[in-house]
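K.L.:
all I have is the shape, not the residue letters:
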Ligand code: GLN
């Protein structure tokens, strides 16, 4: 039955519709694959019984002719999405035993459309990280390895579990979130497709908050079309999130395969950063050539404030995190460590419940928001954020979409950057800009480096223009013909 796990989401949905197999068969195949891949540590909670119940219910709906758009498709859920009655931890000790009494809007939308939940996926603690190494449950190992090497590589982060599970065929697609690159960088490191939609496209309700003005949910999938299918279901207005946009959701799949002839594609010169490996520049050049061939006009553009994006992000994100994480006080939910008085309970709970990286963010965030430093750091970062958004506004008068690499390197080794936070933060250099500006960004695999590791290209779009992003991604996917998979060693 392992062939069933090799299907794309679209292929599986077509197979279910044609009655080639049932959702129970498809789900069982994935449950077996997950059991055989525990060494990757992608799932931190498997829910096989619930999955089989959902699959049986799906088969019953289909028999009655009532199948929804994702009916019977088994998916993984990043453990940042609250799932009713199913433990949700944000991969932190402080939420180790937290069982939500409610379901996030995004996952509710997926179940409404018939999808099946296989379990909860590993991530960096509170989604803070670029390598999945800050997880309380330990790192995820990337299914990819360099040629002739047994060295364990990171799948990227924070959605490392989601990306690894999709790459290793442990689900047909997964939910993920992206505050500064956490959908796109793991997608690039694992040869998968990930899209962070426009801020407000997907509801944040029931998603454990990291930095509320930057956080967005989105899918990680095997193909551009699969990502479009998942985003169709995940999107939509939600009155429970005041920043959710009240706009219609187009059928994103209609844009995949659409001609890109005549589109103007921007190539920002500031993204040619020092020390970028030649192979990444080459991949970017390939992307430009493919789009030219498909009839696009390539325009060199300038996004002059790009160099300030990373420092601004690493002020705004921790500032919001320090505020959002104030709720973990040992009183309302999650861990409580006893103490002689209230202040001691807070201190003991937070000292024992949060990991080092989370504490670092809380310290930075509290510092940049404190009296005397607020103007110099936080306010300044907000002004830079505005300038970055204006750079993009300016670009949109000249181009329809922007092409960049997703990350400055291929997947690196576990442990390689974990003792140097600045080196880790540099991973996000190409991805944080879209979060600061609220724009959609998609990463798709476009080639392999000399070590046989996948590399990703990023397409950035205008606000709410995921459609064009999907069209451009479809064109690159077709031209790149990327079909490589990790050799199974696990
Ligand atoms: N790597 C970035 C960070 O650590 C982004 C994380 C994310 O997008 N959740 O903040």
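P.N.:
Here it is on my side, so go on. Since this is a predicted model, take the numbers as computed values, not measurements.
K.L.:
okay, now the unreliable bits of the stretch 1-150 of the chain?
P.N.:
1-2 (pLDDT under 70).
K.L.:
what parts of it come near the ligand?
P.N.:
127, 128, 129, 130 (C-beta under 6 Å from any ligand atom). Bear in mind the C-beta positions are built from the backbone N, C-alpha and C, glycine included.
K.L.:
hmm, residue 156 and the third one touching each other?
P.N.:
Read that as residue 129. No: proximity of residue 129 to residue 156 does not meet the contact threshold set by C-beta atoms under 8 Å, at 9.3 Å.
K.L.:
check contacts around the residue lying farthest from the centre of the chain.
P.N.:
Distance from the C-alpha centroid of the chain peaks at residue 340, with 41.5 Å (C-alpha atoms, centre = their mean). The contact partners of residue 340, taken as C-beta atoms under 8 Å, 6 or more residues apart in numbering, number zero.
K.L.:
over to residue 156?
P.N.:
Residue 156 touches 130-132, 142, 163, 185-190, 407, 411, 427, counting by C-beta under 8 Å, 6+ apart.
K.L.:
that's a strand at it, yeah?
P.N.:
No: counting by DSSP: H, G, I helix; E, B strand; the rest coil, residue 156 falls outside a strand, being coil.
K.L.:
ok, now how distant is it from the ligand?
P.N.:
As judged by C-beta to the nearest ligand atom, to the nearest Å, residue 156 and the ligand stand 9 Å apart.
K.L.:
ok, residue 72 next?
P.N.:
For residue 72 relative to the ligand (C-beta to the nearest ligand atom), the value is 30 Å.
K.L.:
what about that residue, how many residues close to it?
P.N.:
As a burial measure, residue 72 scores 30 neighbours (other C-beta atoms under 10 Å).
K.L.:
got a list of what the closest residue to it other than its chain neighbours touches?
P.N.:
Distances taken as C-beta to C-beta, 6 or more residues apart in numbering put residue 23 closest to residue 72, at 3.0 Å, once the chain neighbours are dropped. Listed by C-beta under 8 Å, 6+ apart, the contact partners of residue 23 are 16, 55, 56, 58, 59, 62, 71, 72, 73, 74, 116.
K.L.:
one more time with 6 Å
P.N.:
Contact partners of residue 23, counting by C-beta atoms under 6 Å, 6 or more residues apart in numbering, are 55, 58, 59, 72.
K.L.:
surely the second one and residue 72 touch.
P.N.:
Same thing as residue 58. Yes: at 4.0 Å, residue 58 counts as touching residue 72 under the criterion of C-beta atoms under 6 Å.
K.L.:
phi and psi next, for the residue nearest to residue 72.
P.N.:
Dihedral angles of residue 23 (phi, psi; degrees, to the nearest 10) stand at phi -70, psi -30.
K.L.:
please apply the same query to residue 28.
P.N.:
phi -60, psi -40.
K.L.:
now it: how far from the ligand?
P.N.:
33 Å.
K.L.:
got it, and residue 12?
P.N.:
From residue 12 across to the ligand, the span is 28 Å (C-beta to the nearest ligand atom).
K.L.:
surely that residue is in a helix?
P.N.:
Yes: using three-state DSSP, the assignment for residue 12 is a helix.
K.L.:
residue 276: neighbour count?
P.N.:
16.
K.L.:
what is the burial count for the spatially closest residue to it that is not a sequence neighbour?
P.N.:
Spatially, and ignoring its direct neighbours in sequence, residue 276 is nearest to residue 408 (5.5 Å; C-beta to C-beta, 6+ apart). Residues near residue 408, counting by other C-beta under 10 Å, number 18.
K.L.:
how about stretch 120-131: buried residues?
P.N.:
Buried positions in stretch 120-131, judged by neighbour count with 16 or more other C-beta atoms under 10 Å: 120, 121, 122, 123, 124, 125, 126, 127, 128, 129, 130, 131.
K.L.:
thought the third one was touching residue 161?
P.N.:
In this case it means residue 122. Yes: assessed by C-beta under 6 Å, residue 122 is found in contact with residue 161 at 3.2 Å.
K.L.:
quick check: neighbours shared by those two?
P.N.:
Counting by C-beta under 6 Å, 6+ apart, the residues touching both residue 122 and residue 161 are 42, 140.
K.L.:
quickly note the distance from the residue nearest to residue 115 when sequence neighbours are not counted to residue 110.
P.N.:
The shortest distance from residue 115 to any non-neighbouring residue, by C-beta to C-beta, 6+ apart, is to residue 70 (4.2 Å). Applying C-beta to C-beta, to the nearest Å, the value for residue 70 to residue 110 is 6 Å.
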